[in-house]
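J.: take a look and give me a structure for this.
(one chain, ligands or ions: 1)
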Amino acid sequence: MTDDTSVLGQPIDRVDGVLKVTGRARYAAEFSPDNVAFAVIVQSTVPRGRITRIETADAQRLPGVLAILTHRNAPQLPQKGRSAVNPPAGRTLSLLQDDVVHYNGQPIGVVVADTFERAVDAAEHVRVSYALQPAALRFDQAKRAPRPPKQEGNSPSKKSWGDIDAGMQQGVVRVDATYSTPMEHHNPMEPHATVAQWSGDRLTLYDATQYVSGVRETVAKTLGIPSDNIRVIDPFVGGGFGCKGSTWSHVVLAAMAARHVGRPVRLVLARPQMFGPVGGRPETEQHVVLAAGRDGRLTAVRHGVIAHTSEMEDFVEPSAAPTRALYACANGETRHLLATLNVGVATFQRAPGESTGTFAIESAMDELAYTLRMDPVQLRLVNYADSEPQSGKPWSSKKLRDCYSDAAARFGWNRRTPEPRSMRDGRILVGLGMATATYPAHRRPASALAKLMPDGTVVVQSGTHDLGTGTYTVMTQVAAQTLGVPVERVRFELGDTALPSAPVSGGSTTVSSVGPAVHAACVALRERLIGRATQDGQSAMSGARATDVDIDGGFLRVRSDANRREPLAALAQRAGPIEARAEAKPGEEEERYASRSFGAVFVEARVDPDLGIVRIPRIVATYSVGRVLNRKTALSQLQGGIIWGVGMALFEESLLDPRYGRYANNNLAEYHVPVCADIGDIDVAYVEEDDTIFNVLGARGIGEIGITGVPAAIANAVYHATGTRVRRLPITLDKLL
Ligand code: MOS
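T.: Numbers count the residues shown, from 1 in each chain. Prediction:
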């Protein structure tokens with residue numbers, strides 16, 4: 001749908017950039033209704049048991065305290081704390097419906113006061129006694145008795161193809177290794193925050209979320225009120241990373257508290273409160289067995305995953321999912337089991353499954369390459385999958401071969417000497433490693449509205465989200481391109497359940513789902529505008545055939561007569577607002593094709609042999625992600641994803657205290673994410689691609705693929721540098737000494 005003059009793909013600046021740098025972009029916690037009160041949650045301090053006493057009288061007497069809700073006085077909800085809505089929208093919540101404690105940090109009360117400081121102070125004066133029960137807090141113990149999930153997640157927990165035993169016997173070389181990844185927490189800069197305001201029986205929520213309509217549905221079902229009575233607003237999100245894809249307890253608690261005190265209530269989680277009650281990435285242990293012939297062809301692949309889940313709810317981290325899709329191997333077996341712990345419910349985090357899973361499978365492929373004495377890129381080319389291995393379906397589009405060759409050339413892979421510890425720069429060990437990146441492409445039904453305003457501008461709306469990803473900008477480009485108006489004349493609105501509904505902004509599906517809806521609404525509006533103009537006696541288009549009329553640069557014009565043109569504004573002034581609404585959803589292509597994005601990541605690691613310190617001066621990656629709609633925001637997405645990958649490889653790890661079930665490093669001073677000094681050159685490129693089988697825009701979505709493959713590429717580079725294979729993330733210096 002593009003040509004040389006297309007605005008699609010252009011690296012235009014963020015249309016919301018000025019609002020952001022001038023502080024005028026409003027985030028959830030910054031909405032401040034008149035008379036707003038402040039809520040703070042009280043959390044359990046034990047990992048498992050029952051509340052035997054909860055004393056609130058002293059706290060209640062402190063100045064400014066408006067209310068203290070606990071399980072003793074909270075309103076009984078229809079679902080009694082059960083999960084009212086399944087993920088991704090809803091999770092099993094802690095809503096003060098009983099005295100049971102499932103994890104340390106569980107919300108067990110809400111204090112509301114006239115200032116934030118008074119609410120914090122009063123919360124510290126609530127005294128709680130517990131009857132303790134034994135808690136499961138050690139993954140290394142819980143994993144000894146793993147169990148299948150009680151319900152399936154987004155992908156089946158178990159999947160096999162071919163004949164695994166025969167395939168294992170065919171192989172003449174074998175890699176059999178166990179990889180593990182720690183618990184992590186999302187830590188977006190913007191904490192979770194909810195401002196709840198009732199007006200009679202109508203509720204407005206300003207909520208930091210990746211899913212406004214999911215919040216509406218969950219709060220409605222949980223409180224037992226019609227969803228039409230709820231409006232959820234969130235024009236800007238300060239990072240999501242998956243934790244804001246679900247509606248957690250604090251959102252409903254804010255609504256309950258606001259109703260209880262008869263005032264609007266603001267509830268903002270403190271950084272330590274984001275370790276537990278709002279999800280995190282499960283710990284995984286992944287057993288991978290690869291069997292191959294001397295030529296490197298895989299004859300069997302087995303990937304077994306044990307991940308932790310909460311006592312409250314099963315969440316499956318689908319780490320074996322990439323193994324079902326990466327390499328042409330006739331025989332495979334993949335399986336996910338769970339180990340139950342007394343921790344908060346785990347959730348989707350930054351390429352769930354794919355980022356943890358590619359660490360294992362792509363490390364194992366590197367180990368196989370050394371076993372075979374084969375170049376790691378060559379091994380991947382030998383096993384290149386021209387169709388999806390688990391299903392045999394053709395890809396809607398896949399240009400991974402080009403990714404390997406392009407990234408290898410730009411990186412200078414041919415400089416690499418294969419032996420571990422064979423490259424040095426002075427006393428520093430240098431290692432070059434690579435891995436494949438991959439993330440599935442999905443889309444969900446979405447709707448949008450496009451409206452020509454009397455001033456000739458176009459307003460386009462969809463209840464989607466901009467997590468800092470560039471949705472405002474890219475949707476503006478899609479609308480401008482489709483309608484034939486300049487981007488400056490388009491205003492895109494999102495983040496409001498009053499707008500046409502859109503799916504969760506998770507799973508890298510916003511562009512792939514909402515983009516086609518915006519396109520369809522603009523196609524419909526364009527037809528309507530042309531139809532209206534040709535029948536308008538005052539229009540220069542009057543009497544022209546609709547097929548002979550075009551819209552370009554904000555002007556209607558008759559193709560066959562250059563003198564007949566008219567600004568859209570003129571039509572709008574005569575006709576008033578003209579609008580069109582459309583829904584877009586996946587079609588039968590979803591059944592016939594497999595759609596996935598891929599990439600090749602090359603990493604240079606430098607390791608101090610005496611201190612074990614790892615530095616990553618250089619990462620080069622090339623991606624096959626379909627059409628890139630804005631080369632600038634796409635670059636930010638992919639570089640950001642790669643930086644997540646560096647964090648996952650070298651730093652990030654939530655340390656659960658096995659005695660008390662509390663996270664010992666529940667703050668940004670001790671939960672390390674990469675800072676500028678940790679990041680060197682990140683050189684990203686895309687192959688030319690247009691996946692028009694997948695959707696009309698040809699774009700598969702790029703929110704999460706950047707993180708995938710990076711931890712393995714780093715581990716592989718560290719092995720090449722040092723000869724030490726680190727199979728447990730993060731790769732901290734103690735593992736190299
Ligand atoms: Mo993403 S972890 O699906 O928000």
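
J.: taking the stretch 1-150 of the chain, what residue is nearest to the ligand?
T.: Closest residue of the stretch 1-150 of the chain to the ligand, C-beta to the nearest ligand atom: residue 88 (7.7 Å). Every residue, glycine included, has its C-beta placed from N, CA and C.

J.: cool, the stretch 451-600 of the chain as well?
T.: Taking C-beta to the nearest ligand atom, the stretch 451-600 of the chain has residue 506 as its residue nearest the ligand, at 3.2 Å.

J.: show me the shaky parts of the chain.
T.: Residues of the chain that meet the criterion pLDDT under 70 lie in 1-4, 81.

J.: contact residues of it facing the ligand?
T.: By the criterion of C-beta under 6 Å from any ligand atom, the positions of the chain lying close to the ligand are 210, 240, 242, 245, 348-350, 352, 506-507, 704.

J.: so can I have a markdown table of those residues showing neighbour count?
T.: Compiled in a markdown table, those are given as follows (neighbours: other C-beta atoms under 10 Å):
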| residue | neighbour count |
| --- | --- |
| 210 | 27 |
| 240 | 26 |
| 242 | 24 |
| 245 | 27 |
| 348 | 28 |
| 349 | 27 |
| 350 | 26 |
| 352 | 26 |
| 506 | 27 |
| 507 | 26 |
| 704 | 27 |
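
J.: present the residues you listed as TSV; the columns should include distance to residue 527 and secondary structure.
T.: TSV is the format used below for the residues of the chain next to the ligand (distance: C-beta to C-beta, whole Å; DSSP: H, G, I helix; E, B strand; the rest coil):
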residue	distance to residue 527	secondary structure
210	33	coil
240	35	coil
242	39	coil
245	35	helix
348	39	coil
349	42	coil
350	41	coil
352	40	coil
506	33	coil
507	32	coil
704	35	coil
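
J.: looking at those residues, which one is closest to residue 667?
T.: Distance from residue 667 was checked for each of the residues of the chain next to the ligand by C-beta to C-beta. The minimum falls on residue 349, at 18.1 Å.

J.: spell out the residue ranges of the helices in the stretch 51-200 of the chain.
T.: Counting by DSSP state H, counting those that start in this stretch, the segments of the stretch 51-200 of the chain that form helices are 57-61, 116-124, 139-142, 164-170.

J.: repeat that for the stretch 201-350 of the chain.
T.: When assigned using DSSP H, counting those that start in this stretch, the helices of the stretch 201-350 of the chain occupy the ranges 212-223, 249-261.

J.: of all those, which lies closest to residue 603?
T.: Going by C-beta to C-beta, the one of the helices of the stretch 201-350 of the chain nearest residue 603 is helix 212-223, 36.4 Å.

J.: name the SS class of the spatially closest residue to residue 697 that is not a sequence neighbour, please.
T.: Spatially, and ignoring its direct neighbours in sequence, residue 697 is nearest to residue 515 (4.7 Å; C-beta to C-beta, 6 or more residues apart in numbering). With DSSP: H, G, I helix; E, B strand; the rest coil as the basis, the three-state label of residue 515 is helix.

J.: which ones are touching the one residue in the chain that gets nearest to the ligand?
T.: Here the residue of the chain nearest the ligand is residue 242; by C-beta to the nearest ligand atom that distance is 2.7 Å. Taking C-beta atoms under 8 Å, 6 or more residues apart in numbering as the criterion, residue 242 is in contact with 186, 210, 279, 347-350, 352, 506.

J.: separation between the residue sitting furthest away from the middle of the chain and residue 543?
T.: Residue farthest from the centre of the chain, counting by C-alpha atoms, centre = their mean, is residue 537 at 51.2 Å. From residue 537 across to residue 543, the span is 9 Å (C-beta to C-beta, to the nearest Å).

J.: same check on residue 21?
T.: Taking C-beta to C-beta as the measure, residue 21 and residue 543 are separated by 49 Å.

J.: now do residue 530
T.: Computed as C-beta to C-beta, the residue 530 to residue 543 distance reads 13 Å.

J.: same question, residue 392
T.: The gap separating residue 392 from residue 543 is 55 Å, by C-beta to C-beta.

J.: residue 687 now?
T.: Plainly put, residue 687 is 47 Å away from residue 543 if you go by C-beta to C-beta.

J.: repeat that for residue 155.
T.: To residue 543, residue 155 is 56 Å away according to C-beta to C-beta.

J.: between those two, who's got more neighbours?
T.: The neighbour count for residue 155 versus residue 543, taken as other C-beta atoms under 10 Å, is higher for residue 155 (16 against 11).

J.: surely the more buried one touches residue 322?
T.: No: between residue 155 and residue 322 there is no contact under C-beta atoms under 8 Å: 10.6 Å.

J.: overlap of the contact sets of the two?
T.: Each of residue 353 lies in contact with both residue 155 and residue 322 under the rule C-beta under 8 Å, 6+ apart.

J.: show me where the stretch 451-600 of the chain has its strands.
T.: Per DSSP state E, counting those that start in this stretch, the stretch 451-600 of the chain has strands spanning 458-461, 490-493, 549-552, 555-558, 561-567, 578-584, 596-607. These are given in chain order.
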